[in-house]
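Trainee: compute the structure for the input listed below.
(chains A, B, C and D)
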2 protein chains.
Amino acid sequence: MTDETLTEDEAAPRAAGGQEIDLTKLTDLIGYQLRRAQIAVFDDFIRSFAPYDIRPTQYGVLTAIEGNPGSSQAAIAQSLGIKRSNFVKLIDEFERRKLVVRKAVAGDRRANALFLTKTGQSELAELHKVRIAHEARIAAAIGDESDRRALLGQLARLTMLKG
Amino acid sequence: MTDETLTEDEAAPRAAGGQEIDLTKLTDLIGYQLRRAQIAVFDDFIRSFAPYDIRPTQYGVLTAIEGNPGSSQAAIAQSLGIKRSNFVKLIDEFERRKLVVRKAVAGDRRANALFLTKTGQSELAELHKVRIAHEARIAAAIGDESDRRALLGQLARLTMLKG
DNA sequence: TTCGAATTGCGATACAGCATAACTATTCGG
DNA sequence: CCGAATAGTTATGCTGTATCGCAATTCGAA
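Mentor: The predicted model follows:
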């Protein structure tokens, strides 16, 4: 926002650039379309949650803690595919914001049990509402509930590729 | 590979960590499943192309040039959603490897026209074979051809969210 | 035709996401 | 009891992507 003339790409929505580029070879690739779709959906998600200063990963962590209160950092992190080392500052940030607390575990002095604070619970309740609205937008794009279920099933099947 | 004791996450495939973590709230989210599926598919893709030292983005760029020879850097970059500034070293690398050449454009001395070299063409032909095998693996996971078409359609619909 | 605006390619950064290595404190297993 | 494994942490690097600015060139409207 420092530049007056807005010469950047964003300033030229569609028409600019060059002549038509044919990407049919790529648009037939599941991986390519998967990536584009993921970016688009995340873009909508990020935009929706921007006022709350929450990113998709953060929403996932909070939701995981909500559904599994008292679980250790390692357990939550692993379930979400996040490295323990990178998980630390995520939780640091949540504690700074008073959304999450680390508590001592009874039988294990190494582990931290994670809990949502009262603030965290009410804040997350708000976030869930935003998620509902976001998900409704997605649903509208893909058809009815059976279409949505079918898509979720296909995506889960693709995820199994690595397992 | 420097560490002898392999204490890391990868060493404990599934059983380790903690108790079961319930993520049903998340697994019902299109965005979440989309991301997981994209990671899994890209993982297969990257693994398949590793012997050729080619990453998904690079395959996309080469394929775009193949289908649109003589197009400018800006045109190709924009069509793939890559910033012009970041596109430069991508092409630098391809020129270093003798896969792509930048040529002068007749009517515009600012622009570079991109072409595959002979080497680039035959190399890409090899890559296409690898892609076919990769895509076959994906297809096997999602069902028959009509399922594949349906999935591509849904993903394209999701991509439209931003447009 | 002339001049400001826009475009092209390029370089220099900045920053987030993700991975690895190494350390301490603690717990577990034989 | 003691070596191996685990939990949390810190430091660090790599990669992808976004931002800013610049020089050369082209475009467009007065």
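Trainee: how about the strands in chain A?
Mentor: A:100-104, A:112-116 (DSSP state E).
Trainee: take these and lay them out in a markdown table including distance to B:A133 and mean neighbour count.
Mentor: (Glycine included, C-beta is placed from N, CA and C.) Written out in a markdown table, the entries for the strands of chain A read as follows (distance: least, C-beta to C-beta, whole Å; neighbours: other C-beta atoms under 10 Å in any protein chain shown):
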| stretch | distance to B:A133 | mean neighbour count |
| --- | --- | --- |
| strand A:100-104 | 45 | 15 |
| strand A:112-116 | 43 | 19 |
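Trainee: which among those strands is found nearest to DNA strand C?
Mentor: Nearest to DNA strand C among the strands of chain A is strand A:100-104; the distance by C-beta to the nearest atom of the strand comes to 9.5 Å.
Trainee: who's in contact with the longest helix that chain A contains?
Mentor: Identified as the longest helix of chain A according to DSSP state H is helix A:118-142. With contacts defined as C-beta atoms under 8 Å, 6 or more residues apart in numbering or on different chains, helix A:118-142 is touched by A:41, A:44-45, A:48-49, A:52, A:54, A:59, A:62-63, A:65-66, A:94, A:98-100, A:116, A:145, A:148, A:151, B:29-31, B:154, B:157-158, B:160-161.
Trainee: any quick PyMOL command for the buried ones out of those residues?
Mentor: Remark: buried members of the contacts of helix A:118-142, expressed as a PyMOL selection using 16 or more other C-beta atoms under 10 Å in any protein chain shown:
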select buried, (chain A and resi 41+44+45+48+49+54+59+62+63+65+66+94+99+100+116+148+151) or (chain B and resi 29+30+31+154+157+158+161)
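Trainee: filter the contacts of helix A:118-142 down to the ones near DNA strand D?
Mentor: Restricting those to those touching DNA strand D (C-beta under 7 Å from any atom of the strand) yields no residues.
Trainee: pLDDT score assigned to the nearest residue to A:L29 once chain neighbours are set aside?
Mentor: Among residues not flanking A:L29 along the chain, B:E135 sits closest, at 6.6 Å (C-beta to C-beta, 6 or more residues apart in numbering or on different chains). Looking at B:E135, its pLDDT reads 97.
Trainee: ok, the one 10 residues further on next?
Mentor: The model reports B:E145 with a pLDDT of 96.
Trainee: what's the closest non-adjacent residue to the one residue sitting closest to the centre of chain A?
Mentor: Most central in chain A under C-alpha atoms, centre = their mean is A:P56, positioned 2.3 Å from the mean C-alpha point. Ranked by C-beta to C-beta, 6+ apart and with sequence neighbours excluded, the top spatial neighbour of A:P56 is A:F45, at 5.4 Å.
Trainee: what of A:E93?
Mentor: For A:E93, the closest residue by C-beta to C-beta, 6+ apart turns out to be A:Q58, at 8.0 Å.
Trainee: now do the contacts for that neighbour.
Mentor: Contacts for A:Q58 were tallied using C-beta under 8 Å, 6+ apart; they are A:90, A:93-94.
Trainee: with A:G67 instead?
Mentor: Residues near A:G67 by C-beta under 8 Å, 6+ apart: B:21-25.
Trainee: still on that earlier bit, quick check, the residue nearest to the centre of chain A in contact with A:D43.
Mentor: No. A:P56 sits out of contact with A:D43 when judged by C-beta atoms under 8 Å, with a separation of 10.4 Å.
Trainee: would you mind measuring from A:E126 to DNA strand C?
Mentor: Shown here: A:E126 relative to DNA strand C, a distance of 20 Å by C-beta to the nearest atom of the strand, to the nearest Å.
Trainee: could you do A:T159 as well?
Mentor: Between A:T159 and DNA strand C the distance is 15 Å, computed by C-beta to the nearest atom of the strand.
Trainee: mind listing the helices for chain A?
Mentor: Here chain A has its helices, by DSSP H, at A:24-27, A:30-49, A:56-67, A:73-79, A:84-96, A:118-142, A:145-159.
Trainee: and of these, who's closest to B:G107?
Mentor: Counting by C-beta to C-beta, B:G107 lies closest to helix A:24-27 out of these; the figure is 27.2 Å.
Trainee: low-confidence ranges in chain A?
Mentor: In the prediction, chain A carries residues with pLDDT under 70 at positions A:1-19.
Trainee: 50 - rerun?
Mentor: For chain A, the stretches with pLDDT under 50 are A:1-18.
Trainee: which of the contacts of A:G67 come close to chain A?
Mentor: Among these, the residues within reach of chain A (C-beta under 8 Å from any C-beta of the partner chain) are B:21-25.
Trainee: count of neighbours near the residue nearest to A:L29?
Mentor: The number of residues packed near B:E135 is 19, by other C-beta atoms under 10 Å in any protein chain shown.
Trainee: do the same with A:L34
Mentor: A:L34 is flanked by 26 other residues according to other C-beta under 10 Å.
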